[in-house]
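In: predicted model and sequence below, questions to follow.
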Amino acid sequence: SPLCQALLTFLRNSERQKALNLDSELKTVPLDINTPYSLVELVLSIQETNDEYDCICTYADSLFTQQSVITIIEHFCVLLEMFTKNILCNVITNSMNSEHEKEMLCNWNRNESPLLWDNVIEKIYKNSKLLPNNIAIRGEAVTLSYENLWKKVNVLSKEILAIESKRIGIFMQKSETAIVAILSVLACGKSYVPIDPTFPVVRIEQMLADAHVLCCLCSLKTKTFAESFDTKIICVDITETIVDDIVEFNPISVNSKDEIYVLFTSGSTGNPKGVSVSHVSVANLVQSHVKTLNLSAEDKVFHMASLTFDVSVAEIFSTLCIGATLLEYSNWTQNIERVGASVLHITPSALQLLNHKKCSNLRIICSAGESLPLELAKKWINPTRAVFNSYGPTEATIYATETEVSKDQLTIGKPTANTEIHILDKYHISQPIGVPGELCISGIGVSNGYINNEKANKTQFVTIGGKLIYKTGDKARWLSNGEVQHL
């Protein structure tokens, strides 16, 4: 190992002459020593010659590419230019990016895309009119067309309207009943708070209190447990016969910035925090996700995620907003192939439990929630199936970056529509391409923040350059192709 990794040497003309202590009758000729190897990992030698400075950079080519060394030199030039303008400038509060890099970073984040609509419940309602016979939900209990799905929403909405609480708890696990409950809450202009009945009692009590939930919708299975909490309970039974002559209920209009749901974080880094997300953020997610994955009304999307896991939002609404079919089955390892699922959102650890030689109908696999091993992805890629790697926190509405995985490289991709990615240092200065920093997110997907937690809001949601930015705490870097590598 070298004594040091990087070395900077600087020699003035006068100092060189003095060091040599030469007789005036002698002449000196510079000797070009072509060293075939680097004595340390990176050396920048600067030598004064008349009115100029000669710079020679020597590097270990096993550690650096020629382009990476050129980039380092460009950053050094930026630093020198800073000092020529102001010798007292603070280096740590100035970006080392060259003008060319700044332009590249700007272009990579230039992905504005106009929204065709900004409210998912209104879009689903329109589908009940435009695509009435399409199957919206197929499950173990019932199969509902879009027309019949909305009739179920009609019935339940009448009861929910009478409740004063702005937030309604969904006290059930994923099921056909839960989907009807969620849509009914949204149709009434309220927001939903998913609560998993398998959670510890103390955590459920904390969630109900934190979100000020005064009423919960439960299923026949969860009714007894739900009644043990201090909230109003409405039991939902979607197996009841559909009444055709009931007066139709149109969704109540809401502002696109209004809250659509509150999801609580896992609490792995402390107490669970309730994240408030707006309608427009989910509308943007759905439209970007549908376009990236090329989803269509012919797709059958298997609902994998728990309602308390944010990926469920992508599964539910990216399916129902395009007239596709949401598959609601348990025993997913057995049923994914049996029911003919064409789209699957799944964590890598769960994907490892499936046989890649089966599931012949699967044309799209969207991996999220964990780091995806390249070797696992390569097993599933074939001429009729694509694997996507998606990244994003609950605080930025699920997916902030997405990419189709190739067999050569694995990254978390490029920013999704109307989303910007910023790789920042601890002083909130943009890091150069290839240099690690904190992955931060801005754009339509950034949430309204944490409910009842101003302290966390001040540290995690910051305004930089007039933009509201969420600091993920994750480490990443830009690659030269405009994709982000999670570290």
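Out: The structure has been received and is ready for your questions.

In: apart from its neighbours in sequence, what residue is nearest the residue nearest the centre of the chain?
Out: Centroid-nearest residue in the chain, with CA atoms, centre = their mean: Gly392, separated by 1.6 Å. Closest residue to Gly392 apart from its sequence neighbours, by CB to CB, 6 or more residues apart in numbering: Ala400 at 3.8 Å. Where you see a C-beta, it was placed from the backbone N, CA and C, and this is true even at glycine.

In: wait, isn't the one you found in contact with Thr419?
Out: Yes - using CB atoms under 8 Å, Ala400 is in contact with Thr419, at 5.3 Å.

In: mutual contacts of these two, please.
Out: By CB atoms under 8 Å, 6 or more residues apart in numbering, Ala400 and Thr419 have these common neighbours: Ile441, Gly443, Gly445.

In: around the second one, count how many other residues there are.
Out: Counted by other CB atoms under 10 Å, the residues lying close to Gly443 total 24.

In: one more: the last one?
Out: The burial metric for Gly445, expressed as a neighbour count using other CB under 10 Å, is 29.

In: which residues of the stretch 201-350 of the chain score low on pLDDT?
Out: For the stretch 201-350 of the chain, residues meeting the criterion pLDDT under 70 lie at 239-249, 267-270.

In: ok, back up a step: neighbour count: Ala400 and Thr419, which is higher?
Out: Comparing Ala400 with Thr419 by other CB under 10 Å, the one with more neighbours is Ala400, at 30 against 26.

In: please report the distance of that one from Ser306.
Out: Distance from Ala400 to Ser306, counting by CB to CB, to the nearest Å: 21 Å.

In: again, but for Cys55
Out: From Cys55 across to Ser306, the span is 58 Å (CB to CB).

In: next helix or strand past the longest strand belonging to the chain?
Out: For the chain, the longest strand by residue count, based on DSSP state E, is strand 467-478. Downstream of strand 467-478, the next assigned helix or strand under DSSP states H and E is strand 484-486.

In: strands of the stretch 1-150 of the chain, start to end?
Out: Remark: strands assigned in the stretch 1-150 of the chain by DSSP state E, counting those that start in this stretch are 6-11, 42-49, 52-59, 135-139, 143-145.

In: give the buried residues for the third one.
Out: Right, the one you point to is strand 52-59. Judged by neighbour count using 16 or more other CB atoms under 10 Å, the buried positions of strand 52-59 are Cys57, Thr58, Tyr59.

In: also compute the angle for it relative to strand 6-11, please.
Out: Interaxial angle of strand 52-59 relative to strand 6-11 (axes from the mean of the first three to the mean of the last three CA atoms, to 10 degrees): 160 degrees.

In: and the average pLDDT for the lengthiest helix in the chain is what?
Out: What stands out as the longest helix in the chain, according to DSSP state H, is helix 66-85. Confidence for helix 66-85, expressed as mean pLDDT, is 81.

In: in CSV, list the C-alpha atoms belonging to that helix.
Out: Coordinates of each C-alpha in helix 66-85 appear next as CSV, following Å, rounded to 0.1, in the frame of the first residue of the first chain:
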residue,chain,number,x,y,z
GLN,A,66,-8.7,8.5,-18.2
GLN,A,67,-12.1,10.2,-18.1
SER,A,68,-12.3,10.1,-14.3
VAL,A,69,-8.9,11.8,-14.0
ILE,A,70,-9.9,14.4,-16.5
THR,A,71,-13.0,15.1,-14.4
ILE,A,72,-10.8,15.5,-11.3
ILE,A,73,-8.6,18.0,-13.1
GLU,A,74,-11.6,19.9,-14.2
HIS,A,75,-12.8,20.1,-10.6
PHE,A,76,-9.4,21.4,-9.6
CYS,A,77,-9.6,24.1,-12.3
VAL,A,78,-13.0,25.1,-10.9
LEU,A,79,-11.4,25.4,-7.5
LEU,A,80,-8.6,27.6,-8.8
GLU,A,81,-11.0,29.8,-10.6
MET,A,82,-12.9,30.3,-7.3
PHE,A,83,-9.7,31.6,-5.7
THR,A,84,-8.9,33.9,-8.6
LYS,A,85,-12.3,35.6,-8.1
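
In: just the buried positions in that helix, please.
Out: Per 16+ other CB under 10 Å, helix 66-85 contains these buried residues: Val69, Thr71, Ile72, Glu74, His75, Phe76, Val78, Met82.

In: which outside residues touch it?
Out: 42, 44, 55, 57, 59, 64, 89, 91, 94, 96-98, 100-101, 432-434, 480.

In: now do 6 Å
Out: The contact list for helix 66-85 (CB atoms under 6 Å, 6 or more residues apart in numbering) reads Cys57, Tyr59, Cys89, Asn94, Met96, Ser98, Pro432.

In: tell me the angle that helix makes with strand 52-59.
Out: 140 degrees.

In: off-centre distance for helix 66-85?
Out: For helix 66-85, the separation from the chain centroid amounts to 32 Å (computed by CA atoms, centre = their mean, to the nearest Å).

In: and what of stretch 155-169?
Out: 31 Å.

In: what is the mean pLDDT for that stretch?
Out: Mean predicted lDDT for stretch 155-169 stands at 89.

In: with just CA atoms, put it into PDB.
Out: This file holds the C-alpha atoms of stretch 155-169, laid out as PDB (Å, rounded to 0.1, in the frame of the first residue of the first chain):
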ATOM      1  CA  VAL A 155     -73.700   1.800  -1.100                       C
ATOM      2  CA  LEU A 156     -70.800   2.200   1.300                       C
ATOM      3  CA  SER A 157     -70.300   5.900   0.500                       C
ATOM      4  CA  LYS A 158     -73.700   6.700   1.900                       C
ATOM      5  CA  GLU A 159     -72.600   5.600   5.300                       C
ATOM      6  CA  ILE A 160     -69.200   7.200   5.200                       C
ATOM      7  CA  LEU A 161     -70.700  10.600   4.200                       C
ATOM      8  CA  ALA A 162     -72.400  10.800   7.600                       C
ATOM      9  CA  ILE A 163     -69.100  10.600   9.500                       C
ATOM     10  CA  GLU A 164     -67.400  13.900  10.400                       C
ATOM     11  CA  SER A 165     -63.900  12.500  10.600                       C
ATOM     12  CA  LYS A 166     -61.700  13.600   7.700                       C
ATOM     13  CA  ARG A 167     -59.500  10.500   8.000                       C
ATOM     14  CA  ILE A 168     -61.000   7.000   7.900                       C
ATOM     15  CA  GLY A 169     -59.100   4.000   9.100                       C
END
